[in-house]
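Asker: structure for this input, please:
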Amino acid sequence: MITRERLIELVLYDPIEGRFVWRFSIKGHVKQGQLAGSWDTHGYWVIGLDGQNYLAHRLAWLWVYGRWPTGELDHINSRRDDNRINNLRQATRSQQRHNAPINKNTKNGFKGVTMLPSGHWMAQIQRNKQQHYLGTFATAKEAHEAYCKAAEKYFGEFARTR
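Answerer: Residues are numbered from 1 along each chain as shown. This next block holds a predicted model:
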């Protein structure tokens, strides 16, 4: 594992932009000031240092705090390419799931809301790997409001309602 000292020798980190650039040129490979890294297949920014690939958001944490994060890091705005330090926080896997954006296959536009065959709207939330029924409502908006209230109660700062 790379140390903070070695990381600082190789790259500069801009915590406001969330980007790393090379400190110096390496003939045929990189130029000083050039953006360091590339995308991986999951949409994360990865930087190769001393023959090892590292996730840029974890390197940002190491750079700023001088230690590797314990556990996982969550991108608060759910954008995997946004590695600004104020967009990163330590989280459990469960907390990260609570902060996930709405499923792209959701047709009604509301997280936690399903239309029933009767035409009513059901709200439910998953907590501790179990679905919890929140009620049936006349409109999708009412059902979503119930979901939002439950998400705030159960997930606090990790609650994402969109």
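Asker: show me where this structure has its strands.
Answerer: Ranges of strands within the chain are 11-14, 19-22, 38-39, 45-49, 52-55, 72-75, 88-91, 113-115, 121-127, 130-137, based on DSSP state E.
Asker: how about the CA coordinates for the fifth one, as CSV?
Answerer: As requested, the backbone C-alpha atoms of strand 52-55 are provided in CSV (Å, rounded to 0.1, in the frame of the first residue of the first chain):
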residue,chain,number,x,y,z
GLN,A,52,-0.6,-0.7,-8.1
ASN,A,53,-4.1,0.7,-9.0
TYR,A,54,-5.9,2.8,-6.3
LEU,A,55,-9.4,4.3,-6.3
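Asker: quick check: mean pLDDT across it?
Answerer: The average pLDDT within strand 52-55 is 97.
Asker: repeat that for the fourth one.
Answerer: Mean pLDDT, strand 45-49: 96.
Asker: quick one on the thing from earlier: save the strands of the chain as TSV, and put in distance to residue 102 too.
Answerer: Heads up, the C-betas are built off the backbone N, CA and C, glycines and all. As requested, the strands of the chain are arranged in TSV below (distance: least, Cβ to Cβ, whole Å):
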stretch	distance to residue 102
strand 11-14	31
strand 19-22	28
strand 38-39	23
strand 45-49	24
strand 52-55	24
strand 72-75	16
strand 88-91	19
strand 113-115	10
strand 121-127	13
strand 130-137	16
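Asker: residue 2: which of these is closest?
Answerer: Nearest to residue 2 among those is strand 45-49 (5.3 Å), distances taken as Cβ to Cβ.
Asker: in its sheet, what does that closest one sit against?
Answerer: If you go by DSSP bridges, strand 45-49 pairs up with strand 38-39 (antiparallel), strand 52-55 (antiparallel).
Asker: dump the ones you listed into JSON lines; add mean neighbour count and distance to residue 157 as well.
Answerer: Formatted as JSON lines, the strands paired with strand 45-49 follow (neighbours: other Cβ atoms under 10 Å; distance: least, Cβ to Cβ, whole Å):
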{"stretch": "strand 38-39", "mean neighbour count": "11", "distance to residue 157": "28"}
{"stretch": "strand 52-55", "mean neighbour count": "14", "distance to residue 157": "22"}
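Asker: shaky segments in the protein?
Answerer: Applying pLDDT under 70 to the chain flags the ranges 161.
Asker: many thanks, I have nothing further to ask.
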